[in-house]
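Asks: Provided below are the primary sequence and the corresponding predicted coordinates.
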Amino acid sequence: SQKIEQNSEALNIQEGKTATLTCNYTNYSPAYLQWYRQDPGRGPVFLLLIRENEKEKRKERLKVTFDTTLKQSLFHITASQPADSATYLCALDESGGSYIPTFGRGTSLIVHP
Amino acid sequence: KAGVTQTPRYLIKTRGQQVTLSCSPISGHRSVSWYQQTPGQGLQFLFEYFSETQRNKGNFPGRFSGRQFSNSRSEMNVSTLELGDSALYLCASSFASQTGVSETQYFGPGTRLLVL
């Protein structure tokens, strides 16, 4: 069966360090993968999109890698700040013809000052 | 540009009742998707509407239905509410082309539904 796995345990790191979150998937052939941030009681906010033919994408302190062989995406936040504390969701779309995204359950990131 | 708006923000209902939630997408966005989010199941896709037509549907029972109006505003309805329907219901809009390629979903703040 198809699965998207994100670490259910919260990731605790110190301010200034690099946070790395993982998204693994099985039985998908994603056309692209997205990362979203969600704060408590609010809707997810789009952060980055990476296509299947791209290895890496950057935006300010954020970096996403996409390894279709390993079936894994890594999401990095460099120089993390307490304001980065949130839940981060990955989402896959494999159809290419219509957008039916499948979301992982997300990983909670807590950045300690 | 104004973001996606959802009304109401909070709702308390009892089992057996029905509920209608409303979503106004970002101006110019023609695709509206609905999601259910619970701690146990995460974010689950309900359905997507484009140009007043349901284009995609998730794996939810027929008690969950929706519609889209000519101005792209959308409503979803849940009939015969069950305790398990308690969740955060999120609406997202995107500028989807006719072929269905939509790359970024813009989410509203959600409607938190509690069924007693």
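Replies: Received, thanks.
Asks: State the phi and psi torsions of B:Leu83.
Replies: phi -60, psi -40 (degrees, to the nearest 10).
Asks: Touching, it and B:Leu114? I think so.
Replies: No. B:Leu83 is beyond contact range of B:Leu114, at 9.5 Å (criterion: Cβ atoms under 8 Å). In short, each C-beta sits where N, CA and C put it, glycine included.
Asks: Tell me which of these two has more neighbours.
Replies: Taking neighbours as other Cβ atoms under 10 Å in any protein chain shown, B:Leu83 and B:Leu114 compare with B:Leu114 leading, 13 against 10.
Asks: Touching the helix or strand where that one lies from outside, list them.
Replies: If you go by DSSP states H and E, B:Leu114 is part of strand B:111-115. Outside strand B:111-115, the residues that touch it by Cβ atoms under 8 Å, 6 or more residues apart in numbering or on different chains are A:41, B:6-15, B:19, B:21, B:78, B:81-89.
Asks: Now for the residue of chain A found nearest chain B: which residues touch it?
Replies: Distances from chain A to chain B, computed as Cβ to the nearest Cβ, single out A:Gly43 as the nearest residue at 3.1 Å. Residues counted as contacts of A:Gly43 (Cβ under 8 Å, 6+ apart) are B:4, B:90, B:92, B:107-110.
Asks: at contact distance from chain B, anything in the least confident helix or strand in chain A by mean pLDDT?
Replies: One helix or strand of chain A scores below all others by mean pLDDT, DSSP states H and E: strand A:102-103, with a mean of 87. Yes. Judged by Cβ under 8 Å from any Cβ of the partner chain, strand A:102-103 and chain B are in contact via A:102-103.
Asks: what number of residues lie near B:Cys23?
Replies: B:Cys23: 27 neighbours (other Cβ under 10 Å).
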